[in-house]
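A.B. asks: give me the fold of what follows.
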Amino acid sequence: MFIRRFVNIALLLIIGGTMMSACNVDTDLADSQSADKNKTDPILFDLDSIIHRGVLRVIIDNSSTGYFIYKGQPMGFEYDLLDLYAKEIGVGLEFHLTTDLLSTFDLLDKGIGDIIAYSLTVTKERKKRVSFTQPHLQARQMLIQRKPNNWRSLKLHEIENSLIRNQVDLVGEKIIVRPGSAYVDRLKNLSDEIGDELNIIEEYPEASTEEFIQMVSEGVIDFTIADEHVALVNSTYYSNIDVKTPISFPQQIAWAVRSNSPLLLGGLNDWIDHMKNRPEYYVIFNKYFKNPKTHLARAKSDYSNIFSGDKISPYDELIVEAAQTIGWDWKLLAAQIFQESRFNPKAKSWAGAVGLMQLVPRTGMAYGVTDLENPKNSLKAGTQHIQWLTNYWERKVVDSLERTKFILGSYNVGQGHVLDAYNLSKKYGEDPMQWNNVTKYLLKKSEEKYFKDPVVKYGYCRCTEPVEYVYSIYNLYEHYRTLMSDSSVVETSS
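C.D. replies: Below you'll find the predicted structure:
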């Protein structure tokens, strides 16, 4: 692949360019000046080390354009692009959420993240601290203000007359922005340009730009600043805000990497150049920025954690109760159910599996359940089957975390095929209680040498599905753990 070719000849191709990304929610990351007091030397960990580790670490925020959960699956413009890039270089993704702008560059330097995947404004001061990828966007900073309370009954010119369109009229008004954001510097420059002092107030350091916009809509504050793409997306959520008054010329937006990571920088830039010529990029862009009705549906959904939503599915309470009976984290069980049925209680597979947990009728009947399209019944039978598999594997796999992977793999393909791979692993001198070792032999069960081995009792299997099944569930589980709180379901189910 072109990325791997780039890594192999990287020393010849080191370039000091800058990337693309996508209009994530915050162009406002802390300036390097504000972080200089606690600045640490960046660790030496470039693209070759990331590939060897197998994980790309990303500093990102939970926002409508960055990274969020909607109807059980991770989404976001930044997330979708990062997912494509990670697959291109053959690594997984690990996310670190933060709204603390003042410490973000330190998190990058310490190796907590390899990329800051906010939409950062490229500034001279920041370029002294980090390397920016190629600008993927140009965006103006816009004034966020509230329309009159009776705006729906007013004529357009009456609404316009009530709003600030001349930046000079901001003199004397309180403009609330996040501490350390690029908006602070821009407002100070604007103050110099208009020859009068602006009342710039830095408050709510833990709030995101979208939360500032929400505060304007709800009347908590009167004015704030946001990048144009973020403002436009949020204007679909809050019909009573106005986002049409610019306070800056277009500025460059990009991702950031450590200043001593030229291979990662060059690899990203190389990928971006290629990506911008592919239709996938424009499909992703349009998905998040060109469909206001879709934005509104996500924002208002109970199953989106962008704003007030704090549910994974309509069945969270039932899942919490069911997970308690088997001693699992409910988010892990939810991730398995998403993988099985996408939370569709009427889902049916080609093999005859039915319901949330995709059990065949004979398995349901073994646990006294006939109506598997009933969510409660499906969860009852599914968790009883998980308990049976738990009892089966606890005699063979000591570590509970490893054992859960065996249980999930067995749920997918049957404990017999997993047991065959377990025995093959033992025969060939590898620890059979480690799932990663057993997956090697699951994948080999389609080869005659292995499926005809005397220790194999259940024969041929194209066992890529259970390997991918377990990986996908744990990957989704990590997204749930990162983005979802326990509060709503715990309160409901207690």
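
A.B. asks: per-domain residue ranges of this protein.
C.D. replies: The record's domain parsing of the chain by automatic domain parsing lists 2-137+252-300, 141-246, 316-493.

A.B. asks: any chance of these in a markdown table, plus distance to Asp310, mean pLDDT and mean neighbour count?
C.D. replies: Glycine gets a C-beta too; all of them are placed from N, C-alpha and C. A markdown table is the format used below for the domains of the chain (distance: least, C-beta to C-beta, whole Å; pLDDT from 0 to 100; neighbours: other C-beta atoms under 10 Å):
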| stretch | distance to Asp310 | mean pLDDT | mean neighbour count |
| --- | --- | --- | --- |
| domain 2-137+252-300 | 10 | 80 | 19 |
| domain 141-246 | 15 | 94 | 18 |
| domain 316-493 | 4 | 94 | 18 |
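
A.B. asks: go through the ones you listed and name the closest to Ile306.
C.D. replies: For the domains of the chain, the distance to Ile306 is smallest for domain 2-137+252-300, at 4.8 Å, taking C-beta to C-beta.

A.B. asks: got a list of contacts for stretch 338-346?
C.D. replies: Residues from elsewhere that reach stretch 338-346 (C-beta atoms under 8 Å, 6 or more residues apart in numbering): 71-73, 312-315, 337, 347, 353, 355-358, 373-375, 378, 469, 472-473, 476.

A.B. asks: next one: stretch 158-172
C.D. replies: Against stretch 158-172 from outside (C-beta under 8 Å, 6+ apart): 143, 145, 147-148, 151, 154, 173, 190, 194, 196-199, 223, 242, 244-245, 247.

A.B. asks: how about CSV for the domains of the chain, with distance to Ile306 added?
C.D. replies: Converted to CSV, the domains of the chain look like this (distance: least, C-beta to C-beta, whole Å):
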stretch, distance to Ile306
domain 2-137+252-300, 5
domain 141-246, 8
domain 316-493, 10
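
A.B. asks: for the residue positioned nearest the centre of the chain, phi and psi?
C.D. replies: The centroid of the chain falls nearest to Tyr67 when counting by C-alpha atoms, centre = their mean (3.7 Å). Here the main-chain torsion angles of Tyr67 (degrees, to the nearest 10) amount to phi -160, psi 120.

A.B. asks: show me what it is bridged to.
C.D. replies: Beta-bridge partners recorded for Tyr67 (DSSP bridges): Asn62.

A.B. asks: the stretch 1-150 of the chain: helices as residue ranges?
C.D. replies: Remark: helices assigned in the stretch 1-150 of the chain by DSSP state H, counting those that start in this stretch are 2-8, 10-13, 32-35, 47-53, 77-89, 104-109, 124-127.

A.B. asks: wait, the residue nearest to the centre of the chain sits on Gly76?
C.D. replies: Yes: the criterion here is C-beta atoms under 8 Å, and Tyr67 meets it with Gly76 at 4.3 Å.

A.B. asks: element containing the nearest residue to Asp371 once chain neighbours are set aside, please.
C.D. replies: Leaving out its chain neighbours, the residue that sits closest to Asp371 by C-beta to C-beta, 6 or more residues apart in numbering is Asn377, at 5.3 Å. Of the helices and strands defined by DSSP states H and E, Asn377 is found in helix 375-393.

A.B. asks: run through the neighbouring helices and strands of that helix.
C.D. replies: Secondary-structure packing of helix 375-393 (3 or more C-beta pairs under 8 Å, 6 or more residues apart in numbering; DSSP states H and E): helix 316-326, helix 361-366, helix 400-413, helix 415-427.

A.B. asks: reformat those as CSV; add distance to Gln434.
C.D. replies: Converted to CSV, the helices and strands packed on helix 375-393 look like this (distance: least, C-beta to C-beta, whole Å):
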stretch, distance to Gln434
helix 316-326, 22
helix 361-366, 28
helix 400-413, 6
helix 415-427, 8
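
A.B. asks: sec struct for Trp255, please.
C.D. replies: Judged by DSSP: H, G, I helix; E, B strand; the rest coil, the three-state class of Trp255 is strand.

A.B. asks: go ahead and confirm it touches Gly113.
C.D. replies: No: judged on C-beta under 8 Å, Trp255 makes no contact with Gly113 at a distance of 10.6 Å.

A.B. asks: distance of Tyr428 from Lys405?
C.D. replies: Counting by C-beta to C-beta, to the nearest Å, the gap from Tyr428 to Lys405 is 19 Å.

A.B. asks: swap in Ile326?
C.D. replies: Ile326 is 15 Å from Lys405, by C-beta to C-beta.

A.B. asks: please name the nearest non-neighbouring residue to Val216.
C.D. replies: Ile144 (5.0 Å).

A.B. asks: the one you found reaches Asp227, doesn't it?
C.D. replies: No: under the criterion of C-beta under 8 Å, Ile144 makes no contact with Asp227, lying 10.6 Å away.
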